[in-house]
Every structure is written in C-alpha cells, then in structure tokens.
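Below are the sequence and a predicted model for it; my questions follow.
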Amino acid sequence: MARELPTRLLRYTACAALLALVLSAGASAAQKGQQQATKRGTLSQLPGKAGCLTGGSKGAKSCAKARALAGPGPVLGSRAIAVSPDGKNVYVASSKSNAIAIFQRSKATGALTQASGSGGCIAAKGAEGCATAIGLDGPNSVAVSPDGKNVYATSRGGNSIVSFRRNPKNGALAQLPPTSAGCYSALPVPGCASGRGLLGADVVVVSPDGKNVYVGAFLGNAVAAFTRLTESGGALEQKAGSAGCIAEAGAEGCAPGIALGAVEGLAVSRDGRAVYTGSPASNAVAALVRDPETGTLSQATDGTGCIAAPALAGCTTGVALEAADAVATSPGNDVVYVTSLLSNSVTVFQPATSSAGLAQKEGPAGCTLWLKAAGCGFAQAMSGTEGLAVSPDGASLYVVAFSSSAIDVFDRNRETGTVLQKPNKAGCLAVKKEAVCTPARAMAGVASVAVSPDNRNVYTTSFLSNAVDVFRRHR
C-alpha cells in the first residue's frame with residue numbers, strides 16, 4: 001500500500017495537469033472566439049496609395065491618381081458605387097466628370113487599379129481618354145446585373161438611364177446602340193429613346209432575378225419600370241401604359257402612388273416580391289408590390305404601402321424619417337434599413353409576412369440617431385446620413401454620413417436584424433475633425449458605400465475629396 005501511494009499521487013497529479021491544460025485551452029479558444037466576434041466587421045483603410053484613389057485638383061496627395069473621378073457619389077444619388085458579382089471590378093458614377101470610372105479589383109487585397117485608355121472609364125464625348133457614351137450628364141447611380149453582363153447608370157442632368165455591355169474579362173464597358181435603346185431619357189436627347197417617370201433620374205437597381213431594372217426619379221416623384229431583355233444583350237424596354245411607372249397622383253400616365261416625393265433610395269427585396277423606396281420630400285419609405293412574373297409595380301392603399309414621419313395621409317406613422325434617403329435590404333430578406341438625411345438616422349423595418357408592407361421595429365431597435373432622441377438609440381459621427389450597405393454575410397451594417405465625412409460601423413444581429421454601433425473608435429472612420437473616430441483619408445463628403453461579394457472589402461465614394469476609399473474588412 002505504501003508503494004502504491006506515490007504511484008497514485010503521480011497519476012492524480014498528471015490527470016490534474018492534463019485537466020488544467022484542457023480547461024486552459026478551452027478558455028483560450030473561447031477568448032479567441034470572443035476577440036474575433038468583437039473585431040468582425042471593423043475596417044482598416046489600406047495603407048498608402050492603395051487606400052484611396054482621387055481625381056481632380058482636390059485629391060489627397062497620399063492617394064493614387066485616377067481619371068473620371070470628379071464629383072463621385074453626389075448627395076443626390078445614394079448608389080454611386082457598385083462591385084461586380086464576380087468581385088473583379090468596381091464601378092463609380094462621377095457626376096462632375098460625366099463619366100463612369102472603371103476599376104479592376106485585386107481579390108487578394110481589395111486594392112483598385114485603373115486601366116489606361118478607354119478600358120478605364122466611359123464618359124460623355126469621350127472625355128479624359130475614356131470610351132464615349134451618350135446620356136451621361138451628371139451620372140449619380142450605378143448597378144451591375146446579377147449575371148455580370150450589364151451595367152446600368154442613371155444621370156440626373158440627363159434625366160436618363162444608360163445601358164452598357166460589360167466585358168467579363170477586364171470589366172470594360174460599351175454602351176448598347178440606340179437600336180437597342182442604350183439610353184432612355186425624359187428629355188429629347190439625341191440617340192436616347194423617350195422614357196416616362198425619369199425626370200431627375202436618381203437611383204437604379206436590378207431585380208435579383210435579373211428580369212427588371214427600376215429607376216427612382218427625384219423630380220418626377222416616380223419609379224420607372226423596365227424589362228431587361230437578356231436575349232438582346234441586356235437591352236431595356238419600358239413597359240407600356242401604367243405598367244411602365246408608378247408616380248405620385250399617377251403623373252405621366254403612370255400607376256398612382258403615394259409617399260413617392262423625390263425618390264432617392266431604392267432596393268428590391270431578396271425574394272423579388274417588393275420594391276422599397278426612400279423619399280425625402282415625403283419623409284417616407286414606400287413598399288411597392290412587385291409581380292415576380294411581369295415586374296409590374298403596384299401599391300396598397302390601406303396604410304400598409306408606406307410609413308412616414310411626420311404623419312402623412314394614407315401611410316402608417318413612423319419615427320426618424322425626415323428626408324428619408326437610401327434603402328438597403330439584408331440577406332435572407334428579413335430586414336429593411338433606411339437612412340434619413342435630416343433625421344441623422346438609420347431606421348429598421350420588418351417586412352410584413354403576407355404583403356409587401358413594412359412595420360418599423362419598436363423602440364431603440366427601430367431607430368438610431370446621431371443626436372439621441374426619446375425612444376431611439378444613439379450613434380456617433382452620423383450627421384447627414386446618406387448611403388448604406390449590409391455585408392453579404394449579414395454580420396455588419398455600414399452607414400456613410402456626408403456632413404460627418406464618416407463611415408459608421410454597426411454590428412448586426414442576424415436573427416432579429418437589430419443593429420448596434422461598435423464602441424469607441426471601432427465604430428467609425430472619419431476625417432480628423434471627428435475625434436471620436438479612427439482617422440481616415442480622402443473622405444470629405446462621403447455619400448455611397450458598397451461591400452465586396454466575398455466580404456473582404458468596403459468601398460466608399462467621397463464627393464468633396466473626388467475620391468474612392470478602400471478598406472479591408474475584418475472577418
């Protein structure tokens with residue numbers, strides 16, 4: 001017995017040590033997992049000239065130079081930057097250059113480069129050595145089709161929607177010819193077909209099934225609907241009669257709608273059954289019913305077709321929607337997010353289960369403001385909210401604020417859709433005047449934002465810096 005005691009003691013000691021090692025490893029793994037969760041979604045601007053590209057005389061010296069980048073992402077136009085579905089290219093609508101800038105994207109780092117000559121941009125009258133296009137008078141929004149074959153752009157000055165064929169190898173664009181309606185305009189522009197509901201064309205989106213293209217018209221108080229003809233190279237055909245557009249009071253022979261004053265934000269639900277608009281003149285978000293077979297839009301008149309704040313006849317009353325602006329939907333089609341310029345806010349809506357209607361989440365889950373108001377959450381550096389984007393993995397929401405010159409970083413609950421800004425300097429990146437944020441370069445007047453399909457990068461346009469900014473997204 002005396003001889004067995006040391007042996008047993010050694011065994012107990014060894015077991016205790018092994019158990020301690022296992023517990024320590026488990027604790028370390030849990031701590032590492034917590035650290036990853038905390039860091040997920042945070043942004044780091046790429047170093048040196050890889051972190052930003054600028055055009056015009058006001059560009060930052062630390063950024064790479066690019067052509068056709070004067071006035072990218074104006075205040076009117078919340079979708080001025082888009083990443084192709086294959087992740088190879090980034091497209092930017094540059095209002096002062098009357099051009100679409102084309103960039104090739106490194107999948108390894110997310111850095112952007114621009115080809116020389118006509119492969120790097122397409123512009124009115126072929127300015128700056130770009131390819132030539134008609135109808136690009138003050139372009140402010142750009143969208144890529146789900147199959148990657150086409151790029152569509154709106155131009156507020158041209159009151160137009162312009163269609164391009166995309167080269168899948170290098171991302172270069174060529175405008176579809178007039179015979180294929182490569183341009184529609186509300187005005188008599190040579191080479192453009194006549195379109196309705198396009199006055200002050202402001203934002204463009206393509207439906208997830210690739211069948212339709214929709215344009216929000218700021219001055220026309222309308223949404224124009226087009227059929228996308230894939231057999232004709234992605235050419236557009238506006239639907240006849242009231243099926244071709246929906247507008248306030250049925251203007252221009254469109255279907256009648258409400259809460260569509262100055263449409264600036266636009267998004268299609270992931271299931272393709274609804275189109276959502278942000279309308280600053282109505283202080284509202286509207287929910288339009290989309291026929292998935294024909295693409296035609298209609299709107300309920302029982303109060304479920306729109307939410308407004310302050311109250312608006314025919315709409316449900318919400319909160320924090322003054323000058324409602326950009327609209328984005330989350331993966332899984334479960335939540336809709338809206339920014340409002342004058343409310344300095346991002347609001348959160350739950351789609352109705354039986355219609356295209358929306359319901360604003362209650363309390364702080366339904367609204368986050370720069371200056372805290374009763375019943376809403378608080379955010380920093382969010383003055384003059386403009387564009388927003390949800391990451392494809394659904395973990396993050398990014399909101400850009402024009403007046404703060406900042407991008408705000410929110411964690412997103414993938415089950416409920418509620419959002420919470422990351423604490424301290426992880427919650428925003430901005431120019432130096434925003435001391436609460438991580439410093440960033442060339443972000444004066446940031447207005448549009450996009451996330452790459454692989455979740456690796458975030459890109460923004462900065463109107464006053466004439467810049468595109470490039471960030472690494474931590475996953």
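Structure's in. What do you need?

Okay, now the unreliable bits of this structure?
Counting by pLDDT under 70, the chain contains low-confidence ranges at 1-37, 56-59, 77, 333, 354.

repeat that with 80
1-37, 56-60, 75-78, 333-334, 353-356, 371-374 (pLDDT under 80).

Is the residue most central in space within the chain in a helix, a strand, or coil?
Of all residues in the chain, the one closest to the mean position by C-alpha atoms, centre = their mean is residue 389, 4.2 Å from it. State at residue 389, reduced to three classes by DSSP: H, G, I helix; E, B strand; the rest coil: strand.

Is it correct that it is in contact with residue 453?
No. With contact defined as C-beta atoms under 8 Å, residue 389 and residue 453 do not form a contacting pair (11.8 Å). In this view, the C-beta of every residue, glycine as well, is placed from N, C-alpha and C.

ok, now which ones touch residue 215?
Neighbour list for residue 215: 154, 161, 197-198, 201-204, 223-224, 226, 266 [criterion: C-beta atoms under 8 Å, 6 or more residues apart in numbering].

For the residues you listed, give me TSV that also has secondary structure, neighbour count and distance to residue 340.
Supplementary listing: those in TSV, determined by DSSP: H, G, I helix; E, B strand; the rest coil; neighbours: other C-beta atoms under 10 Å; distance: C-beta to C-beta, whole Å:
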residue	secondary structure	neighbour count	distance to residue 340
154	strand	33	21
161	strand	31	25
197	coil	29	24
198	coil	30	25
201	strand	36	22
202	strand	28	16
203	strand	31	15
204	strand	28	21
223	strand	28	19
224	strand	32	24
226	strand	26	28
266	strand	26	15
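
Farthest-apart pair in these, please.
Looking at the contacts of residue 215 by C-beta to C-beta, the two members farthest from one another are 202 and 226, with 15.3 Å of separation.

quick one: residue 225 and residue 294, what's the gap?
Remark: distance between residue 225 and residue 294 (C-beta to C-beta, to the nearest Å) = 9 Å.

More neighbours: which of those two?
Between residue 225 and residue 294, counted using other C-beta atoms under 10 Å, residue 225 has the larger neighbour count: 28 against 13.

That one and residue 295 touch, don't they?
Yes. Counting by C-beta under 8 Å, residue 225 touches residue 295, with 5.9 Å between them.

List the residues that contact the residue lying closest to residue 84 once chain neighbours are set aside.
The shortest distance from residue 84 to any residue other than its chain neighbours is 5.0 Å, reached at residue 144 (C-beta to C-beta, 6 or more residues apart in numbering). With contacts defined as C-beta under 8 Å, 6+ apart, the neighbours of residue 144 are 82-85, 91, 150-151, 166, 206.

again with residue 472
Applying C-beta under 8 Å, 6+ apart to residue 472 gives the contacts 43-46, 109-110, 456-457.

where do the strands sit along the stretch 1-150 of the chain?
Secondary structure of the stretch 1-150 of the chain (DSSP state E, counting those that start in this stretch): strands located at 43-45, 52-54, 64-65, 81-83, 89-94, 99-105, 112-113, 121-124, 131-133, 139-144, 150-155.

Identify all contacting residues around the fifth one.
Same thing as strand 89-94. Applying C-beta under 8 Å, 6+ apart, the set of residues contacting strand 89-94 is 55, 68-73, 77, 80-84, 100-105, 112, 139-142, 144, 151, 153-154, 166, 171, 173, 450, 459, 461, 468.

quick one: it to strand 150-155, angle?
With axes from the mean of the first three to the mean of the last three C-alpha atoms, to 10 degrees defining the directions, strand 89-94 sits at 10 degrees from strand 150-155.

show me where the stretch 151-300 of the chain has helices.
Along the stretch 151-300 of the chain, counting by DSSP state H, counting those that start in this stretch, no stretch forms helices.

Residue 200 is in contact with residue 219, correct?
Yes. Applying C-beta under 8 Å as the test, residue 219 and residue 200 come out as touching, 2.9 Å apart.

And the two? Which one has more around it.
Counted by other C-beta under 10 Å, residue 219 and residue 200 do not tie: residue 200 has more neighbours, with 22 against 17.

surely that one meets residue 217?
Yes. Assessed by C-beta under 8 Å, residue 200 is found in contact with residue 217 at 5.5 Å.

re the thing from before, closest one to residue 320 among the strands of the stretch 1-150 of the chain?
Across the strands of the stretch 1-150 of the chain, residue 320 has its closest neighbour in strand 139-144 (24.0 Å, C-beta to C-beta).

What angle do strand 89-94 and that closest one make with each other?
Computed by the same axes, to 10 degrees, the angle between strand 139-144 and strand 89-94 is 160 degrees.

partners of strand 139-144, with directions?
Taking DSSP bridges as the criterion, strand 139-144 forms sheet pairs with strand 150-155 (antiparallel).

Pull the distance from the partner strand to the chain's centre.
Here the centre of mass of C-alpha atoms in strand 150-155, compared against the chain's by C-alpha atoms, centre = their mean, to the nearest Å, lies 15 Å away.

What residues sit buried inside stretch 97-107?
Under the neighbour-count criterion of 16 or more other C-beta atoms under 10 Å, stretch 97-107 has 97-106 buried.

Taking those residues together, which two end up most distant?
Looking at the buried residues of stretch 97-107 by C-beta to C-beta, the two members farthest from one another are 98 and 106, with 27.9 Å of separation.

Past the host helix or strand of residue 409, which element shows up next along the chain?
Under the assignment given by DSSP states H and E, the secondary-structure element containing residue 409 is strand 406-412. Scanning forward in sequence from strand 406-412 by DSSP H and E, the next helix or strand is strand 419-421.

List the buried residues in that following strand.
Applying 16+ other C-beta under 10 Å to strand 419-421 flags 419-421 as buried.

Just give me the closest of these to residue 401.
The shortest distance between residue 401 and any of these, using C-beta to C-beta, involves residue 421 and amounts to 11.8 Å.

That closest one: what's it in contact with?
368, 379-380, 408-411, 427-428.

Could you measure from residue 457 over to residue 463?
20 Å.

how close does the closest residue to residue 208 other than its chain neighbours get to residue 287?
Leaving aside its sequence neighbours, residue 208 sits nearest to residue 272 (C-beta to C-beta, 6+ apart; 5.3 Å). Relative to residue 287, residue 272 is positioned 14 Å away (C-beta to C-beta).

between the two, who's got more neighbours?
residue 287 (25 against 18).

Strands along the stretch 351-475 of the chain, start to end?
Assigned by DSSP E, counting those that start in this stretch, the stretch 351-475 of the chain shows strands spanning 358-360, 367-369, 377-378, 385-390, 396-401, 406-412, 419-421, 428-430, 438-439, 446-451, 457-462, 467-473.

what about the nearest residue to residue 63 once chain neighbours are set aside, how many residues close to it?
Nearest residue to residue 63, sequence neighbours excluded (C-beta to C-beta, 6+ apart): residue 52, at 3.8 Å. Residue 52: 27 surrounding residues under other C-beta under 10 Å.

From residue 444, how far out is residue 52?
Relative to residue 444, residue 52 is positioned 11 Å away (C-beta to C-beta).

hey, what's in contact with both of the two?
Taking C-beta under 8 Å, 6+ apart as the contact criterion, the common neighbours of residue 52 and residue 444 are residue 465.

before we move on, the earlier item: the strands of the stretch 1-150 of the chain: which one's closest to residue 356?
Each of the strands of the stretch 1-150 of the chain was scored for nearness to residue 356 using C-beta to C-beta, and the closest is strand 139-144 (20.6 Å).
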